[in-house]
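Enquirer: any chance you could fold what I've pasted below:
(2 chains)
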Amino acid sequence: MFIYLKILFIISLLSTTYLTAQSPIEWEKVPIQDLQKTTFPSDSNASAVILCDFGESKLNDDLGIEYSRHVRIKILNENGYKWGTHSIYLTTSRYGERLDDLEAITYSIDANGEIVQAELDDDDIFEEEITDNRVKFTFTSPALKPGCIVDIRYKIIAESLWFIRGWTFQMSEPVLWSEYRVTYPRNIAFASVLIGYEPWALKEYNEVNQHFGGIAASYLGNNLVKCQSYRWAIEKAPALRDEPYITTLDDYASRVDIQLAAYSFPGTGKKEFLNTWQTVVDELIDHSDFGKQIDPEEVEGLTKEITKTQTSPEDKMKAIYNWVNKSIVWSGSKRLFTEYDVEETLENKKGNSADITFLLLSMLKSAGLECEPVIVSTRTNGKIQDVYPIISQFDYVLARARIGGSAYFLDATDPLRSIDILPTRVLNVRGLLIKPGKPEWVHLSAAKGDDDVIVLNISLNADGSIKANLDALFGQYTSLSHRNDIIGKSDIDFVKEIFKTESMGLKIDSAVVLFKDSIHLPLRIRAGFFSDNYSQLGGDLIYFNPNLIYRFTDNPFKSKERNFPIDYSYPRSDKVIINIHLPIGYELKDIYENKTQSVSNNAAFKRAVQVEDNLVQIVSKIEIKQSEIKQNFYTKLKEFYAKIIAAQSELLVIGLKQ
Amino acid sequence: MKLLLLSAVIAFFLLNSSVKSLSNNEYDVKNIPLELLNDADVIFRKDEVKFAIEDYNTALYKVVTSVTIFTKDGQHHGRIKLYYDKFRTVEELEGTIYDANGEVVRELDDSDVEDYSDFEIYSIYSDNRVKFAELYHDQFPYTVEYKYEISYDGYIGWPAWFSRSSIDAVEYSSFEVSVAKDYKFRYWCNKKDIETFITKGGNDEKYFWSERNLLKLSDEKKNEDLEDIATIVRMAPSEFEIDGYKGNMESWKDFGLWYYKLSEKKDNLEKTFLSELDDKLNSSSSFEEKVRILYNYLQKRSRYVSVQFGIGSWQPYDAAYVHKNGYGDCKALSNYMITLLKYAGITAYPILINNGHVRTPLISEFPSNQFNHVIVCVPAPEDTLWLECTSQIIPAGEIGWSNENRDALMVTPEGGFIVRTPNSESQKNVQIKNANVNLSGSGEANVSVRIKWTGNQHDYALVAAEKTTGHEKEKWIKELLKVPDISLSNFEFINENKNKSEIELKLGLKLMRYGSVTGKRMFIHPNLMERRNSAPKEITEKLSPVRFKYPYLDIDSVYYHLPEKFSVESIPGEINLESSFGSFSSKTLKEGDHSLLFIRKLEVISYSVPPENYPEYQKFFANIVTADKQQVVLVKD
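Expert: So this is what the prediction gives:
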């Protein structure tokens, strides 16, 4: 990934040419040849093509931001009709945004080869209040038909400089040209970062002179004002289509993120909002919905009560974690800032993730433990650009405690999750510690892999019937997900479900799930199976597939190729030990081979077979050794599963000894 | 284990009460009858619903609902979600938490009530909104009580009462309806043995139903229809009014008349707009052909877009709007279709229908709003035609499984009456898969396949063929075949006659390791493409029927050319299953020394299996799963 950082107010080069570039497309001027085209040869999967997406943000006379966008979309076939419907989201809080001059025209060619156009009626624009501060405008373009062009333009006026908008250059359909321009006086500074895999067709900086009126003039004067003008564009960007096992598509789209960094007007003095990670850390420490929410006094009595029997700091930490985890219900919202203070959270017995983390931190502090918040961007929120110091990149906060030389990351949002496990949403992400001193980054990952071990003892009878006993011990993440899934189910039903016994033709005569409530222990299952018709009989032979459980029947990977890494969240392994007791006087009539297969140091499959008298032992292990596997191993990984499937569909051939 | 723990918790509270008599605190857990306590995560304590009908368009819905929560797993029952829109207003919402002794712990703060719009992915706009609140406590057991009021102003769908809405225990549930004396109240109950108490006062009449001490049902009842585990009372207005449109619902005739009036004069399309159709219409001789021309015209010109707000949930956009904008929802597109037909002198009517998987068939003796969709009926002396106007691809006259085989309301100028949509038979909904497999000594298979779908089975393939891109088509085909590690060499959908519900798919594919080779043997699954992997659950007592979307017939035949030097050691035995709802057969035949023929046939002839036949159903499909797993064993010479 290429990341370019520009702090825009540091001007190193003055452009020698002065130009006001034309907009790449004009309203109400759609070339007929664009309408005549019916296909898009460079991507046969495309159902629509974004011919041009052009946006501009500039300071207006009210000292706010005027954002305008003009997007022209060619709809190739009926599947592309969804590109006729658009939603525009606005933040309508004080000094927030409003929508202006929304227009949409659909162009197509009639039977006589003439251009016909249909305009969107204002009555067909729907405004929906999503929450108090959030509004959605939705409309759908009229008279769509294959081959038509949808032309849309609108403005978003923001009263405050804080609402400067970024731009996404890539879409789920191909984009021929996407361009964004930002122009503003040198009294203002915006910080921007360019993200993405696509090469930039344009990356320009120019100086221009501009007149302002209204309030802006009273700050900037009535003369020509020197402005800086930025231009970014991408040409012929391929469609970005969703694939399985990725963090979020946003991580891969080319885009520019922008935030207000500083301004300096006569009379206001210089106001800086963003310099370094240091200021981010310092600001958060003092923030009323963040650092100020660590309130050890409020929880002093409670903490004493909870930790009164504990002496070691580790035990105190565990007691506090367990108490918060059990007592406060997580609302499901992932937040960086608190909604309630510690006292209210204690009373409500619920909170968003930040409310819970700050209660936890307050109690840890009150118990005399060293601790601090760690802020992260969760996996679905996208990767942190650490060269780009803005708070809005983050969406989540958890706690770190330090005891002696050890650091513990704590997240008390799930009563079924023990202290040493982090939720998958914060795995393999970077975290920033919020504590006095120099900014410090940490990497969050699973402390250990997820290792399942299963022992299966099978007695095979001469009539092909079987009896089997299973003893399974699950890794921490599997235990966690099983503990969630078993809620409201009987042990037998749960065992049937996870081992798919009914589909395997197995009956179940006993099942017990152990340590359901002891969340610090691995979950364990003991079960007994039997079946009269599981084996296949043919002549004097019994054909028998020993993989009663954990058998792959389908390859998780189906696409031919893949452009993004394969994200497993954490390393994992499944080890299955199968002991098969053959009927007396019987033996294997064909070999059942040892197998090994690996994908470099990323994944490994091993099967070892041993035969002793009438006991056949098969030990197999499938390992994923990395949290993330690079896409260049994709084909090999796909092949890896294919070989496992083939190996697992081999049958033991069993017959009377000669 | 859980059960024991809970009982211990409860025993603790029971023993702690010095007085053995009932507590004065209503929500004291000691007041819960012992028989309800068994294995409970939650117990619904009180569900007191009152509905006061003031006149033909206003009513007030008042609810007190409370639940005692015993475990962490039951905590989500402390949440409440109230839906409202232009015709329903949430007047009041209060919440209180009580501890085990029934003492107040805390009350819901107004600022903790969230309010947001209720997204429906299929609508671009709707005015539905939600109020949401949640209350939690960390000392179990505790009780959450909500009191709320919703006022109704011009609404034709009144709420129904369910004595229970889950398998959990219910201590008390009641429903009281008071009706202004001169208003004719109508209700319907699914149970014949429940008593309705009616009291007549000076100005109003009261109707009352209640149930008490409903035990927790076993887990396997979770998937039963609510109709089969609860008492349900449904209500409907007689006279009503929405946005100034008055109607009466006492008879289907009048309900139909109301809808007719709503959509009257919505056929305002200038005749000149349609003159481009004249040549085609004039040259077509038959009535079916004319309908088809107009239906295809609708499909080309329009797409489905849903906008629902106010009276717009009932009143269609007019034909001119649809013609101009090229979109509409089901009622607008149906109205447009009827307008097009009218242009050609053909009379057609809107059909109000409950689209989707029918759990509750239309209650025809209880005229009320039981519909969520509109289609079109073109009556004819011989072959009446039915048109689903929201699809751009299906052939004229096909309405799909989600509309077929059910009662619906036909709307005519004379009013509404119940009609039944056509049903289909297994022989109409067919899938035939033929494959030819060349197997190599290493287990690699080169396969050519031809699949044909007809009737309802053709709909899915049609969507794949017409509505997906090349990339998605490939994915669809791979999902369809359910064989691991397919590499597709070529594929082609054959859909020549778009007016016939029939489509074919030709495929060439390679399976790198179809046979798994060990030592001197090779194992193959003769059932290449139609392996059923999951069997229905075993259930001791079933209450609701099992429903199939439609009757169907699947036939598979696969011809195998075996590799040289291998001979057949073992083939699966023949299996034939018969049942009251269908049949199954599967066999593998040796054709000479080096080829095999696999034939499988599954036919379901009914739309549903009654609950008493569930064991037969379970066994039937479990046996198919076992049969589909059988393998052929080849051995090297």
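Enquirer: did I read that right, B:Asp254 in a helix?
Expert: Yes - assigned with DSSP: H, G, I helix; E, B strand; the rest coil, B:Asp254 falls within a helix.
Enquirer: hmm, it is touching B:Asn248, no?
Expert: Yes - at 4.2 Å, B:Asp254 counts as touching B:Asn248 under the criterion of C-beta atoms under 8 Å. Using the backbone N, CA and C atoms, a C-beta is placed for each residue, glycine as well.
Enquirer: any stretches of the chain with poor pLDDT?
Expert: Since no chain was named, I'll use chain A. Counting by pLDDT under 70, the ranges of chain A that qualify are A:1-21, A:242-251, A:274-275, A:387.
Enquirer: sorry, I should have been clearer: chain B.
Expert: B:1-22, B:119-122.
Enquirer: spit out the contact partners of whichever residue of it sits closest to chain A.
Expert: Closest approach between chain B and chain A, counting by C-beta to the nearest C-beta: B:Ser570, at 2.7 Å. If you count contacts by C-beta atoms under 8 Å, 6 or more residues apart in numbering or on different chains, B:Ser570 has them with A:Gln536, A:Gly538, A:Gly539, A:Leu541, A:Tyr543, B:Val632, B:Val633.
Enquirer: same thing with B:Gly455?
Expert: So B:Gly455 contacts B:Ser424, B:Lys428, B:Asn429, B:Val430, B:Ser501, B:Tyr550 (C-beta under 8 Å, 6+ apart).
Enquirer: any idea how far the second one is from A:Val609?
Expert: Taking C-beta to C-beta, to the nearest Å as the measure, B:Lys428 and A:Val609 are separated by 52 Å.
Enquirer: and the third one, by the same measure?
Expert: As for B:Asn429, its distance to A:Val609 is 47 Å (criterion: C-beta to C-beta).
Enquirer: neighbour count: those two, which is higher?
Expert: B:Asn429 (23 against 18; other C-beta atoms under 10 Å in any protein chain shown).
Enquirer: hang on, that one packs against B:Lys549?
Expert: No - with contact defined as C-beta under 8 Å, B:Asn429 does not count as touching B:Lys549 (9.0 Å).
Enquirer: tally up the residues packed near B:Ser534, please.
Expert: 12.
Enquirer: who in the stretch 101-250 of chain A is up against chain B?
Expert: A:111, A:118, A:121, A:124, A:126, A:128-132, A:138-140, A:142-145, A:241 (C-beta under 8 Å from any C-beta of the partner chain).
Enquirer: all helices of the chain, in order?
Expert: Defaulting to chain A. Ranges of helices in chain A, per DSSP state H, are A:32-36, A:214-220, A:277-286, A:300-306, A:313-327, A:342-348, A:353-366, A:476-485, A:491-498, A:501-504, A:634-648.
Enquirer: wait, chain B was what I had in mind.
Expert: Going by DSSP H, chain B shows helices at B:2-16, B:226-229, B:252-263, B:278-283, B:287-301, B:319-325, B:330-343, B:456-467, B:470-481, B:614-629.
Enquirer: for the ones you listed, which one sits closest to A:Val653?
Expert: A:Val653 lies closest to helix B:614-629 among the helices of chain B, at 16.7 Å (C-beta to C-beta).
Enquirer: which other helices and strands does that closest one contact?
Expert: Applying 3 or more C-beta pairs under 8 Å, 6 or more residues apart in numbering or on different chains; DSSP states H and E, one finds that helix B:614-629 contacts helix A:501-504, strand B:575-578, strand B:582-590.
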